[in-house]
Each structure stands twice: as structure tokens, then as C-alpha cells.
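**Q** for reference, the sequence and a predicted model appear below.
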Amino acid sequence: MPPVFAHGRLRLYLLKLLDEAPRHGYEVIRLLEERFQGLYAPSAGTVYPRLAKLEAEGLVTCANEGGRKVYSITEAGRAELADRGGELADLELEIRESVSELAAEIRDDVRGAAGALRREMRAAASATETPVEDASWAATKEELRKARQEWKEQTRRAKDESRRAREEAQRARRQAKEAQERAREEVMRIAGQLQEQFAKSGGVLGNLAGSWLSAATNGPDTPAPATVPESAAAAADSHWAEDLTPTGDPARDLDRLLDRFRDDVRDAARDHGVTPAGLAEARAHLAAAADRLAATLRPSR
């Protein structure tokens, strides 16, 4: 059977448990056993070293309370959880699938044990020419009856656990889909705000481009035009960076837009050169653009 937790996933799930509440190591082990419905429980040698590593990385803190080490998540730990929210949703789904797989393995083990016991009983019966209903034979039959009963009970529990795992998996898929939809809507909202802000600041971006173009075509001492027609700037901005497909992560999409803006400015400076006057005007334009973007991204009160 593959490991219950893939590489790095137990570390992420420990952060999730500590984000719910401060806990000591034994409580973490017990909670993991409960999440797996008693089918899996990590050893202390698995959990405690990882908690110590998280503490060394500054993601959790440890304090002695009543002779026990109680671990609490730090702001850095919460930041990592937030950054890996999608991975955490996948992990929850994997846990539910692992429960289903473990239940299936237990069911198969019980079925195999019951089958082996029946074969042994048949062999013992065929080897006895005149079976006698003595105390030993009665005890053997009772063991067989108990084994069958246990197998039926294990099968029933496995079916119930499998059904619950399927329901939980379906719920997790729905939640993941809803989270993706919300992220997509947020990306579209921020992209719309950025597009509207770039359209409003068309004069700023247009003046910057006009300075470089004038320096390249008319010479370094020729002043750049003060403004660019607002309709032309808006038309250019409306198609700017349209080849960048949203990733579903608004922060990452914003970084990509800023990287594109930086690359475009550097290319223009490299191709056309920058005069001292152009640099001064570019600084003013960038400051104005930064103020507008900061105001756009600042949460409204």
C-alpha cells in the first residue's frame, strides 16, 4: 500500500491541526487516528520529529504546560497554510481516499483469514474417518462461527466507512470547485479593476512612452509631448498583457502583470535610451501610477 501521507503532506496537516488549536504531541497523534477512523495512527517517532522541525523553522512555537510540550502555530505557519490552501484541499481528499483504501485492505485481510480457517476445517474433517462431537470439535466450530461473525461485522463496517469516504470525497470536490470559482471570480474582479485603472491612467503611461520615443527619434535635447490622446492610451491599455492567462491565484496574476510592466519599460529604455529629463519625468509618472495602483488594491472601508 502507498504511504498514507505523500512527501511533505504530514507536515502540512500538522500545521492545519495546530491552526485549529494549540495541542500537545499525544493529542496530535490521537486526532490523526480519529481523522482516519481508527484505521491508521502515526507513531510518536513520526510526529514528534516533524513538530520539532516545524519549531526550528519558526512555523510553530512550543511551551511547557503541566509537564507537557504544547505546540502553537505562528503567523509564519498561518502564512504557509494560506499559500498552500489548494494543496490542503487536495490533502483532505487524499485522506478520505486513504480511509477507503485502508478499510478495503482490512476487509480483504478478514476475508482471507476466514477463508484460510474454512480450508483448515475442511482438511481436518476429511482427515478424520469418524468425526466425533467432542469438546475440541465443538470449540473449533465455535471459533469458526465467531470468525464468520467477525468477518461479517468487519465487512459491514468497511462498507459504512467506504460510503462515508465517498460522501466526504464528493463534498471535498464540491468545496474545491466552489473555491476555484471564487478564486476565478476574484481574479476577474482584480483584473477588471487593473484594466480600469490603467485606462484611467492612460495619460501617465502615454507620457512615459512619449518621452522615450521623442528621445530616440528627435535627439536627447528635444522635449517630449506633455500628453498623449486619452483615447489612444486607453486603446493601447485595453490590449496590454492580454496574452497572460489567469492562473486562479490573484496575487500571482498581479505579480505577472507587474513583471510584464517592468519588462516593457526596460525594453523601451534599452531600445530608445533615457535622458536625464526623461528619467525625472518617468519617476514622476511611476510614482503617480504606484499611488493609483496602491489605492486600487487597498481594501475599501
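**A** Looks like it arrived, so ask away. Remember, it's a predicted structure, so these values are computed and weren't measured experimentally.
**Q** which residue packs closest to the residue most central in space within the chain, ignoring adjacent ones?
**A** In the chain, the centroid-proximal residue (Cα atoms, centre = their mean) is Glu87; its distance is 2.1 Å. In this structure, Glu87 finds its nearest non-sequential neighbour in Leu12, 6.6 Å apart by Cβ to Cβ, 6 or more residues apart in numbering. The way it works is simple: take the backbone N, C-alpha and C, and place the C-beta from them, glycine included.
**Q** hmm, back to that, in three-state terms, label the residue nearest to the centre of the chain for me.
**A** Following DSSP: H, G, I helix; E, B strand; the rest coil, we place Glu87 in the helix state.
**Q** distance check, it against Gly38.
**A** 26 Å (Cβ to Cβ, to the nearest Å).
**Q** what's the answer for Arg283, then?
**A** Distance of Arg283 to Gly38, given as Cβ to Cβ: 65 Å.
**Q** shaky segments in the stretch 151-300 of the chain?
**A** Residue ranges of the stretch 151-300 of the chain with pLDDT under 70: 169, 172, 176, 179, 183, 187, 191-239, 300.
**Q** all helices for it, in order.
**A** 202-218, 230-239, 250-272, 276-297 (DSSP state H, counting those that start in this stretch).
**Q** buried stuff in stretch 53-60?
**A** Applying a neighbour-count criterion of 16 or more other Cβ atoms under 10 Å, one finds Leu54, Glu55, Leu59, Val60 buried in stretch 53-60.
**Q** so the last one touches Leu15, yeah?
**A** By that I understand Val60. Yes: using Cβ atoms under 8 Å, Val60 is in contact with Leu15, at 7.5 Å.
**Q** what touches both of those two?
**A** Leu54, Ile73, Gly77 (Cβ atoms under 8 Å, 6 or more residues apart in numbering).
**Q** nearest to Glu27 among those residues?
**A** Ile73 (14.1 Å; Cβ to Cβ).
**Q** could I get the phi/psi values of the closest one?
**A** phi -80, psi 150 (degrees, to the nearest 10).
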